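Trainee: What shape does this take:
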Amino acid sequence: MSKATCPVVIDGAPCTSGQRIIAGDLCLYHYRQRRAGVALTVHRQRRPRGSAVERDGQGRKQCARCAQWRDVRQFGPASKTLDGLQSWCSPCSSDYMTLARYGFDRSTVEMMLARQGGCAICHTAEPRAMGFRNGWHVDHDHACCPGDRTCGQCVRAIVCADCNKLIGLADDSVERLLQAAAYLRDCEAKHEGLR
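Mentor: Have a look, this model is predicted:
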């Protein structure tokens, strides 16, 4: 009796996952993609054991996701790995988190930034980098989807880290932000009156 194979063919190449066939006659890799409603992709082979600690002649590490050799500063810390670094580079980690949380990738974020002319609030094109997202944050309506993940329909815009913190600390309250603006105007007027 021959072993059943996954029937998925992408760009003329058959599935090479080697995983057992489950519901829907698909391998687990493609079954999860179909269930998530995303386009089926070529199965990425796992890297050989120990390759995560390898470095090239310039001391760079290879990202397990994009396979590019990058400076080790592009990898976040990870206490449970042999080299103490994550296996994915910061851009790949950022892409994955954006896709998981908001349902779109880096190209969508870049398109939104171009359309907005930078941050949707302060219009800066160069935010101060904070964390692995390089200073850009996807702002969404927390009344619709509390927490980090969204339905995708309540995404408002792309904002810089400082503006994201500003509206977050104001608890998305328009009234609180207007009161803060009025307070700053009053202080500015009093300061001008003292001159």
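
Trainee: okay, now R156: neighbour count?
Mentor: Using other C-beta atoms under 10 Å, R156 has 13 neighbouring residues. Yep, even glycine has a C-beta here, placed from its N, CA and C like the rest.

Trainee: Tell me if it really is in a strand.
Mentor: Yes. Assessed by DSSP: H, G, I helix; E, B strand; the rest coil, R156 belongs to a strand.

Trainee: secondary structure element for the closest residue to it other than its chain neighbours?
Mentor: Leaving aside its sequence neighbours, R156 sits nearest to D139 (C-beta to C-beta, 6 or more residues apart in numbering; 4.7 Å). Secondary structure assignment for D139, by DSSP states H and E: strand 136-140.

Trainee: Can you tell me which helices and strands the host helix or strand of E110 packs against?
Mentor: Per DSSP H and E, E110 falls inside helix 106-116. For helix 106-116, the packing partners by 3 or more C-beta pairs under 8 Å, 6 or more residues apart in numbering; DSSP states H and E come out as helix 90-102, strand 136-140, strand 155-160.

Trainee: got TSV for those, with mean pLDDT too?
Mentor: Below are those laid out as TSV (pLDDT from 0 to 100):
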stretch	mean pLDDT
helix 90-102	85
strand 136-140	88
strand 155-160	92
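
Trainee: okay, the ones you listed in JSON lines with distance to M111 next?
Mentor: Below are the helices and strands packed on helix 106-116 laid out as JSON lines (distance: least, C-beta to C-beta, whole Å):
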{"stretch": "helix 90-102", "distance to M111": "13"}
{"stretch": "strand 136-140", "distance to M111": "13"}
{"stretch": "strand 155-160", "distance to M111": "10"}
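
Trainee: G117: which of these is closest?
Mentor: Counting by C-beta to C-beta, G117 lies closest to strand 155-160 out of the helices and strands packed on helix 106-116; the figure is 10.8 Å.

Trainee: Name the residues that touch that closest one?
Mentor: 102, 109, 112-113, 116, 118-122, 124, 127-128, 135-141, 167 (C-beta atoms under 8 Å, 6 or more residues apart in numbering).

Trainee: In the helix or strand following that strand, which residues are buried?
Mentor: Once strand 155-160 ends, the next helix or strand along the chain (criterion: DSSP H and E) is helix 161-169. Within helix 161-169, the residues that count as buried by 16 or more other C-beta atoms under 10 Å are 161-164, 167.

Trainee: Closest to V38 out of those?
Mentor: N164 (26.7 Å).

Trainee: For the strand holding D139, name the packing helices and strands.
Mentor: Using 3+ C-beta pairs under 8 Å, 6+ apart: strand 136-140 touches helix 90-102, helix 106-116, strand 155-160, helix 161-169.

Trainee: Any chance of those in TSV with distance to C27 as columns?
Mentor: Converted to TSV, the helices and strands packed on strand 136-140 look like this (distance: least, C-beta to C-beta, whole Å):
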stretch	distance to C27
helix 90-102	21
helix 106-116	27
strand 155-160	32
helix 161-169	39
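
Trainee: For those, state which one has the densest average packing.
Mentor: Comparing the helices and strands packed on strand 136-140 by mean neighbour count (mean count of other C-beta atoms under 10 Å), strand 155-160 ranks first with a mean of 20.
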